[in-house]
Structure formats: structure tokens, C-alpha cells
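Student: pasting a predicted model and its sequence here:
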Amino acid sequence: MPSLIDIRRRVRSVKNTQQITKAMKLVSAAKLRKAQEKAVAARPYATMLKQILANVAEAASQNPDGAGNALLAVRPEKRILIVVITADSGLAGGFNANLIKMAHQFAIAHKEAELTFELIGKKGVNYFKKRYTTIAGTHTDKFRNVKLEDAEAIANTISGRFERGEIDAVYMFSNEFKTAMTPNLVKQRILPIELPKASGSVDYLYEQKPEELLGSLLPRYVKLLVYRAFLESVAAEHAARMTAMTAATSNASDVIDRLTLEMNRVRQASITREIIEIVSGAAALG
């Protein structure tokens, strides 16, 4: 049985850990609000751009040359680029592990293809660098301050490789923010672009040819997909960390209660033993 001093040390240690988890929970809650606002604010823009793209593509399809954009070229997927967006730090429950597992399973399922990786976030970089040598690019410390320029640079690199025929398809794995309790794992093929169907309710007047307008919209659409994945992943990360730290704080309270009960039992046993010794000694003297 542990001594009273040992139990007190454990209680003090767990209380210190609980203070850390409480602080991390509060920090993540504060950051989550701002990240959530950015992620939600980008959704209407993405929806509108998708609708415009669908209608412009419908108009461009009337011209036989309208669907000849390189970003629309569908080829046999012999060379696949996998983009994985993870966080730079842990202590966020299964936020990183679940996403990495899904991306790894996809890589195993497509092992016949020539796979390359574009890794964003230290957790993904550390995992895939140990298992694959075909790493096209690594990007870390992007989540502290998400910038549109960073997303555009990554999107331009990916689009350029696809247009030059170096890769046949690009799949992106990321976390999507739904609620603080339920983040959503997302796998989407961003290249070649799959044009959405037009709603048929909007009739545009074009100052330039629809196929030219489509050619300028498609790269913007790829940039938007990458940038949105950044924003959604950041919000989902803070939500996952807040949830994980809430659970850790609650578990620490349970451990403290259990140790306190054990400490009281040890102390009571010690007091009882001392009383028995005193009574026995008094009886022996008498």
C-alpha cells in the first residue's frame, strides 16, 4: 500500500496537470470562436463560386473548345498526388490520428499507382516521411496564422504539376468543422476538377467568351478548395483540442477524488493503528 506522502504527491501532480488542461481548454475555446467565424464566412463564397462555375461551364460547353482546359483533363490515375492537412501539434484527441489513418488506407488501396505526397502540418510530415520517400513538399507552421497567400502557393504548385502532366489526379484529406463535438473527415478529389451541374436558373451576359472566363475561374476554384480546407481544419483542430482537454480535466477530477478517498483511508488506518499501539502500551504498563 502506498504511503500517505506518496498519495499526496500524486494528488499534487494530478492537480498541476488539471490546471494545464484547463488552461489549454480555455485557449482553444477562445481560438475556436475566431476560427469558426472565418470558416463559416468562407462557405457562402464557396457556394456562390461553385454555382457561377457551373453556369459558366454550361455556357462554355456549347463551344466544342470550351471543355479543353487542362485542369479538366481526365486521365487514368497512374500518378496520384495525396495532399494531407494535419495540425502542427497534438493533444487534440483523434484529430490527427484519424485523418492520417484514412490517408494511409487510401495510399495502401492505390499502391499500384505512383504516389507522391504534399504534406501540410508537422504531424502528417512526421508520419509519412518515415514510410514514404516520394514527398513532393512539406509545409509546417501554417496553422498559427492562416494566410490566403500560403494556400494559393500550394494550389498553384499542385495545378502546375497537373497541367504539365506530372500527375494524373490530386486527392486532398482534411478535417471539416461541423460542431465542437463532431469534426468530419473529408476526402475529395480536387484535380481533375469535376464540374458541378448548372442550376439553369441564371442566364449571364458575357463580355468575354465563356470558355475564357471558365479558364480564369478554374484556378481560382482550386485555390478556394485548398484555402477552405485550411480554414475548416484550423477550426476543427481547436474544437477537437477543446473537447479533448475538457475530457482530460474531467478525468483528472475523477482521479483526484479517487486518490483523496484512498488518502483518507490510509490516514484513517494510520490513526487507528496509532490508537491501538497507545492502548496496547497503556495496558502493558498497567
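Tutor: Sure thing, it's come through.

Student: which other helices and strands does the helix ranked longest in the chain contact?
Tutor: The longest helix of the chain (DSSP state H) is helix 210-285. When contacts are defined as 3 or more CB pairs under 8 Å, 6 or more residues apart in numbering; DSSP states H and E, helix 210-285 packs onto helix 4-60, strand 79-85, helix 95-109, helix 148-163, strand 169-176, strand 184-191. Every C-beta, even on glycine, is put in place using the N, C-alpha and C of the backbone.

Student: between helix 148-163 and that helix, find me the angle.
Tutor: Helix 210-285 and helix 148-163 are oriented at 120 degrees to each other (axes from the mean of the first three to the mean of the last three CA atoms, to 10 degrees).

Student: could I get the helices and strands packed on helix 210-285 as CSV with mean pLDDT and mean neighbour count?
Tutor: Output for these, formatted as CSV (pLDDT from 0 to 100; neighbours: other CB atoms under 10 Å):
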stretch, mean pLDDT, mean neighbour count
helix 4-60, 86, 16
strand 79-85, 93, 24
helix 95-109, 92, 17
helix 148-163, 91, 18
strand 169-176, 92, 22
strand 184-191, 90, 17
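
Student: I'd like these as CSV, with distance to residue 124 appended.
Tutor: CSV is the format used below for these (distance: least, CB to CB, whole Å):
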stretch, distance to residue 124
helix 4-60, 19
strand 79-85, 4
helix 95-109, 6
helix 148-163, 13
strand 169-176, 9
strand 184-191, 13
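
Student: out of these, which comes closest to residue 219?
Tutor: Closest to residue 219 of the helices and strands packed on helix 210-285 is helix 148-163 (CB to CB; 5.8 Å).

Student: CA atoms only: put that closest one into PDB for me.
Tutor: Provided in PDB are the C-alpha atoms of helix 148-163 (Å, rounded to 0.1, in the frame of the first residue of the first chain):
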ATOM      1  CA  LEU A 148      -4.500  33.100 -48.400                       C
ATOM      2  CA  GLU A 149      -1.100  33.500 -49.900                       C
ATOM      3  CA  ASP A 150       0.100  30.200 -48.500                       C
ATOM      4  CA  ALA A 151      -3.000  28.400 -49.800                       C
ATOM      5  CA  GLU A 152      -2.600  30.000 -53.200                       C
ATOM      6  CA  ALA A 153       1.100  29.000 -53.400                       C
ATOM      7  CA  ILE A 154       0.300  25.300 -52.600                       C
ATOM      8  CA  ALA A 155      -2.700  25.400 -55.100                       C
ATOM      9  CA  ASN A 156      -0.500  26.900 -57.800                       C
ATOM     10  CA  THR A 157       2.100  24.200 -57.300                       C
ATOM     11  CA  ILE A 158      -0.400  21.400 -57.500                       C
ATOM     12  CA  SER A 159      -2.200  22.900 -60.500                       C
ATOM     13  CA  GLY A 160       1.100  23.400 -62.300                       C
ATOM     14  CA  ARG A 161       2.100  19.800 -61.900                       C
ATOM     15  CA  PHE A 162      -1.300  18.600 -63.100                       C
ATOM     16  CA  GLU A 163      -1.200  20.900 -66.100                       C
END
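
Student: and the protein, split by domain according to the record?
Tutor: Structural domains annotated on the chain: 4-26+243-285, 39-241, as defined by automatic domain parsing.
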